[in-house]
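# Sequence and predicted structure are below.
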Amino acid sequence: MSKKDTGTFTVKAGLAQMLKGGVIMDVVTPEHAKIAEDAGACAVMALERVPSDIRATGGVARMSDPNIITAIIDCVSIPVMAKCRIGHFVEAQLLEALGVDYIDESEVLTPADESHHVNKNDFGVPFVCGCRNLGEALRRIGEGAAMIRTKGEAGTGNIVEAVRHMRTVMDEIRKLKNMPAEELMAEAKELGAPYELLKKISRTGKMPVVNFAAGGVATPADAALMMQLGADGVFVGSGIFKSSNPSAFAKSIVKAVTHYNDPAILAEVSKGLGAAMPGLEMSEIPAEELLAKRGW
Amino acid sequence: MTKKIGVLALQGAFAEHISILKKLGVETSEVRLPDELDGIDGLIIPGGESTTITKLMASYELADKIKSLGQSGLPIMGTCAGMILLANKVDTNGKLPTGLMDIEVKRNAFGRQVDSFEIDLDIPAIGKKPYHAIFIRAPRIESAGSNVEVLVKLPDGTIVAARDGNILTLAFHPELTRDSRLHKYFLDIVNRR
């Protein structure tokens, strides 16, 4: 018998594998967290404000109040995630000390460092990071991220950016799969991504870690769309608690992610939900307020 | 005749189980609805979130059918969340979907994610070579009925795998390793039925 090894990349990436086929919901109170858990969320993201409120409020968005995070940890048995600012490794240290199960180094909060992300290999707690394309995803994995999600455009209720990012990532993976070995180094230079990870993808044809969709999911159909495009699961931010009936939307989106290839069930679970969260057209958002371009 | 193993595909690491079974040359199918349980020779309930899977099992009446199939002898292997879904007593409140195995299970028994771990274990039932087991927010078996065979304990005596006839439960994740001995052990149960 040997001793226990904790904080390994296998157990970090392994928790993300256990979240697959599931829905991770943004919550701002213990009551929200309970609604999410009862609806079948596979994890919750503990926040002070959902992204659409962060967008509306403006100013500097920081890590949530530790009291809120602790209260949410205490009231549910599913994993609890929380966000730190890009590059803010002390917020990450705090979140690890609070006992969160996953840290989202997130563009939804105001970046703390415009040049560097957190060195996620330094931590025992796993990290998920956003991406717009494969190069960005692989840079984050190179820094130790054990899970990836699309950035989409959080707080808009508009799926168009998440679709763009997921299609881009999947296209780039398909391209690598068919690429002759001698072209991989030039492609690594082009993508700005670690060569070893490119070699791995070219061999397996898959993203090396779990890849969720995020940023704009507002309906069960949005969630199933992202799954059919190749997402392993879905984050829903403002889409649950900014809808007219959070519990119904939450339950319905959970079923839509499981039965994403079954149009009859998708139609059934989409009935009678009431109004989805209000949506924002991308062209109405001033360029400096776009969240997806934060980080690199 | 080749055997067909169904893998409950409501949520969690079902694709990982399917990939190992395929490498072992077994026919597999994803199970999301009750009809998809027909014609299978064994069922795997994967790791995932047990509360999520419980709710999805209830919504399309899968739980009752799995329970009756298990009672009539269908081999079922549950890993991590799957162990919770097969237990007849769990520390947290809430409805138990099948209660097929006479064990009391504690959820998240080792702490939060930072306490998740890997360890080499001796599992005599699958041979002398140590088995590298991966525990992620894992449950443990607090107590087992007299008819339940304990397969593995941690060095501190914690029970982490058990078998009761056709039902096999593991607190860890054989689907996350390249060592397929536990899947072969389960297929042995299927083939002997």
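Here it is on my side, so go on.
# how about the most centrally placed residue in chain B, what does it touch?
By C-alpha atoms, centre = their mean, chain B has its centre lying nearest to B:G78, at 1.1 Å. By C-beta atoms under 8 Å, 6 or more residues apart in numbering or on different chains, the contact list for B:G78 reads B:I44, B:I45, B:I84, B:L85, B:L86, B:I167, B:L168, B:T169, B:L170. C-beta: built from backbone N, CA, C; applies to glycine.
# same deal with B:V7?
B:V7 makes contact with B:F14, B:H17, B:I18, B:L21, B:T28, B:S29, B:E30, B:V31, B:L43, B:I44, B:P46, according to C-beta under 8 Å, 6+ apart.
# Next, count neighbours for whatever residue of the stretch 151-296 of chain A ends up closest to chain B.
Nearest residue of the stretch 151-296 of chain A to chain B (C-beta to the nearest C-beta) works out as A:T258 at 5.2 Å. As a burial measure, A:T258 scores 25 neighbours (other C-beta atoms under 10 Å in any protein chain shown).
# my guess is it contacts A:G21, does it?
Yes - using C-beta atoms under 8 Å, A:T258 is in contact with A:G21, at 6.2 Å.
# Next, show the common contact partners of these two.
Shared contacts of A:T258 and A:G21, counting by C-beta under 8 Å, 6+ apart, come down to B:A9, B:L10, B:Q11.
# Just the pLDDT for the first one.
B:A9 carries a pLDDT value of 98.
# any idea which helix or strand carries residue 63?
In the absence of a named chain, this looks at chain A. Here A:M63 is covered by no helix or strand, with elements defined by DSSP states H and E.
# I was after chain B.
Using DSSP H and E, B:A63 sits within helix B:62-71.
# List the buried residues for that helix?
Neighbour counts over helix B:62-71 (16 or more other C-beta atoms under 10 Å in any protein chain shown) mark B:L62, B:A63, B:K65, B:I66, B:K67, B:L69, B:G70 as buried.
# Output the contacting helices and strands for it.
helix B:50-59, strand B:76-79 (3 or more C-beta pairs under 8 Å, 6 or more residues apart in numbering or on different chains; DSSP states H and E).
# Give me whichever of those is most buried.
Comparing the helices and strands packed on helix B:62-71 by mean neighbour count (mean count of other C-beta atoms under 10 Å in any protein chain shown), strand B:76-79 ranks first with a mean of 28.
# thinking again about what came up before, go through the shared contacts of A:T258 and A:G21 and name the one nearest chain A.
For the shared contacts of A:T258 and A:G21, the nearest to chain A is B:Q11 (4.2 Å; C-beta to the nearest C-beta).
# in a helix, that's where B:V114 is, yeah?
Yes - judged by DSSP: H, G, I helix; E, B strand; the rest coil, B:V114 forms part of a helix.
# how about it, what does it touch?
Contact partners of B:V114, counting by C-beta under 8 Å, 6+ apart, are A:T6, A:G7, A:E96, A:G99, A:G124, A:V125.
# What about those, which are in helices?
A:E96 (DSSP state H).
# what about the strands in chain B?
Ranges of strands within chain B are B:4-8, B:27-31, B:42-45, B:76-79, B:87-90, B:101-106, B:117-121, B:131-135, B:140-144, B:149-153, B:159-164, B:167-170, based on DSSP state E.
# Near chain B, which residues of the stretch 1-150 of chain A are found?
A:1-8, A:10-12, A:14-15, A:17-22, A:37-43, A:77-79, A:96, A:99-102, A:124-126 (C-beta under 8 Å from any C-beta of the partner chain).
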